[in-house]
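A.B. asks: Generate a structure from the sequence data that follows.
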Amino acid sequence: MRKKFLQDEIENELQSSDDEFYIDAPENDRLDSDNISEESDSSSGSDIIVTKRQGTIPLPSSSSNSAEDENITQPGNFGPWQDVTCHDQVPDRILFTSGDKMVGPQIPDTCTKPIDFFKLFFTDELIIQIVEQTNNYARHKIAQKRLSKRSTWHTWVDTTVEEFTAFLGVVLNMGPITVSNIQEYWSQQFNAKIPFFSSIFRRELCLQIFWMLHLHENDPNDQTLRARTQKVRQYLDYLDKQLKEQFVPSREISVDESVVRFKGKISFLTYNPKKPTKWGIRIYVMADANTGYVYSILPYYGSLTSEDLVRPDLPVTTRIVLHLCQKLLDNNPGYAVIARMAALDGLPFRVIITSKDLRKGLEARGFQNLPTFTSTIQNRILMYCEKVFDNFTAEVQCLREKGRRFSLTFDEWTSIANKRYININIHGYLDGQ
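C.D. replies: Okay, here's the model as predicted:
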């Protein structure tokens, strides 16, 4: 009984599905070919017996060009086919301008050698700062140690800018040459000797600089994540600043995620099995889509990354993109001027958009690519306020570290739109005022 029930159910489904692909034919046009394969079907080993539909013909082919085929009216059809395709109207693009600079590299004509291009980003100022921090850190660590008679730190001498520059060259050449450990680069064996490294540096001196390399002074009393990341944050911020100074991106830019290979012990180490580099440090980058030049970077420090981003009311992924775009807009001072005019001077958004004299005056002063929508101005003001707030917070924090004291007062302020706000006022003495 169960088998017969399944057969009847399958037959009903097949018959119902055939209605979508067959139409009834006239009595005089019935085809005799429907029963040709009846015997072969019944002799098959299948338990499913499909009944043949009588008096049906297939739908006409779409390639038929006859007038009769075009006028066939199916049951339930209310008329010939009508083309209802509509084409979207592509909006006009906003005119792109790069301000008073040309799109592309902004490098001086004196850059002719590879070392000149390297020093555009790794400047002498940065090298001097790293040398000072490394020497201070080495003296402090050696003073804390109880050195044995054979300790290598008895021979430590403060490194110089020339030695550190040579150290950078040695480290960069270690990248494409893979050996089992760092000591093998100075191997004297005939089948493993690499003359370059021993001719530039003594192994002992290179390892000393490598072990004492330091970028920022430590605060032993502060063991928070922000303090630990501060060791490299200033260096990365300086590199980000140099990246933006040496290039002006084109109209097409992209924001993507990059991973720097690393397997050390840090709390914000990331793992992504779908990436070619699975273990490493995540860095969000803004790049020029035409050349691939990295214009700005945002390292991922875990929860600290979201604390420093703009617009806390939005999702983190959106805030990352806005933060990188804000760095691009910061190079165009026109947005800062408009934000101050609207927030401090109370200039209405409508005046900024519609006033031709105002826009011509700003363009004459070099402010290009001015906003043309009120929502754009509002977003720029919010971003600019976040930037001002961050700068003010950093200034107050710096004064607190110098021993300055402040007092706080709370006040209520009502806007023109009758919205009430709570203000926090900071009072203190700065330079006798």
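A.B. asks: any idea how far Gly346 is from Ile416?
C.D. replies: Note on Ile416: its distance to Gly346, by C-beta to C-beta, to the nearest Å, is 9 Å. Every C-beta, even on glycine, is put in place using the N, C-alpha and C of the backbone.
A.B. asks: residues shared between the contacts of the two?
C.D. replies: Common contact partners of Ile416 and Gly346 (C-beta atoms under 8 Å, 6 or more residues apart in numbering): none.
A.B. asks: all strands of the stretch 151-300 of the chain, in order?
C.D. replies: Applying DSSP state E, counting those that start in this stretch to the stretch 151-300 of the chain gives strands spanning 247-248, 253-261, 270-271, 279-288, 294-299.
A.B. asks: Mean neighbour count added to these, as TSV?
C.D. replies: As requested, the strands of the stretch 151-300 of the chain are arranged in TSV below (neighbours: other C-beta atoms under 10 Å):
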stretch	mean neighbour count
strand 247-248	20
strand 253-261	14
strand 270-271	12
strand 279-288	18
strand 294-299	20
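A.B. asks: Can I get those strands in JSON lines including distance to Tyr421 and mean pLDDT?
C.D. replies: Shown next, in JSON lines, are those (distance: least, C-beta to C-beta, whole Å; pLDDT from 0 to 100):
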{"stretch": "strand 247-248", "distance to Tyr421": "39", "mean pLDDT": "89"}
{"stretch": "strand 253-261", "distance to Tyr421": "33", "mean pLDDT": "90"}
{"stretch": "strand 270-271", "distance to Tyr421": "39", "mean pLDDT": "88"}
{"stretch": "strand 279-288", "distance to Tyr421": "33", "mean pLDDT": "92"}
{"stretch": "strand 294-299", "distance to Tyr421": "31", "mean pLDDT": "93"}
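A.B. asks: Could you save those as JSON lines and add columns showing distance to Ile381?
C.D. replies: Shown next, in JSON lines, are the strands of the stretch 151-300 of the chain (distance: least, C-beta to C-beta, whole Å):
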{"stretch": "strand 247-248", "distance to Ile381": "25"}
{"stretch": "strand 253-261", "distance to Ile381": "22"}
{"stretch": "strand 270-271", "distance to Ile381": "34"}
{"stretch": "strand 279-288", "distance to Ile381": "22"}
{"stretch": "strand 294-299", "distance to Ile381": "21"}
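A.B. asks: Tell me which of those approaches Leu172 most closely.
C.D. replies: Set against Leu172 and scored by C-beta to C-beta, these come closest in strand 253-261, at 15.5 Å.
A.B. asks: Can you spell out which helices and strands pack onto the closest one?
C.D. replies: Contact partners of strand 253-261 among helices and strands, from 3 or more C-beta pairs under 8 Å, 6 or more residues apart in numbering; DSSP states H and E: strand 279-288, helix 316-330.
A.B. asks: List just the one of these that sits closest to Gln144.
C.D. replies: When the helices and strands packed on strand 253-261 are ranked by proximity to Gln144, the top entry is strand 279-288, at 29.3 Å, counting by C-beta to C-beta.
A.B. asks: Which one, of the strands of the stretch 151-300 of the chain, ends up nearest to Ser306?
C.D. replies: Ser306 lies closest, by C-beta to C-beta, to one member of those: strand 294-299, at 11.1 Å.
A.B. asks: quick check: angle from that closest one to strand 253-261?
C.D. replies: Angle, strand 294-299 to strand 253-261, by axes from the mean of the first three to the mean of the last three C-alpha atoms, to 10 degrees: 50 degrees.
A.B. asks: Pull the helix or strand just after strand 294-299 out as CSV, backbone CA atoms only.
C.D. replies: Under the assignment DSSP states H and E, the closest C-terminal helix or strand after strand 294-299 is helix 303-307. Taking Å, rounded to 0.1, in the frame of the first residue of the first chain, the C-alpha atoms of helix 303-307 are listed here in CSV:
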residue,chain,number,x,y,z
SER,A,303,39.6,47.5,21.7
LEU,A,304,41.8,50.6,21.6
THR,A,305,41.2,51.0,17.9
SER,A,306,37.5,51.6,18.3
GLU,A,307,38.0,54.0,21.2
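A.B. asks: Can you give the contact residues for helix 303-307?
C.D. replies: In contact with helix 303-307 (C-beta under 8 Å, 6+ apart) are residues 225-226, 229, 298-299, 316, 319-320.
A.B. asks: how about that helix: buried residues?
C.D. replies: By neighbour count on 16 or more other C-beta atoms under 10 Å, the buried set for helix 303-307 is Thr305.
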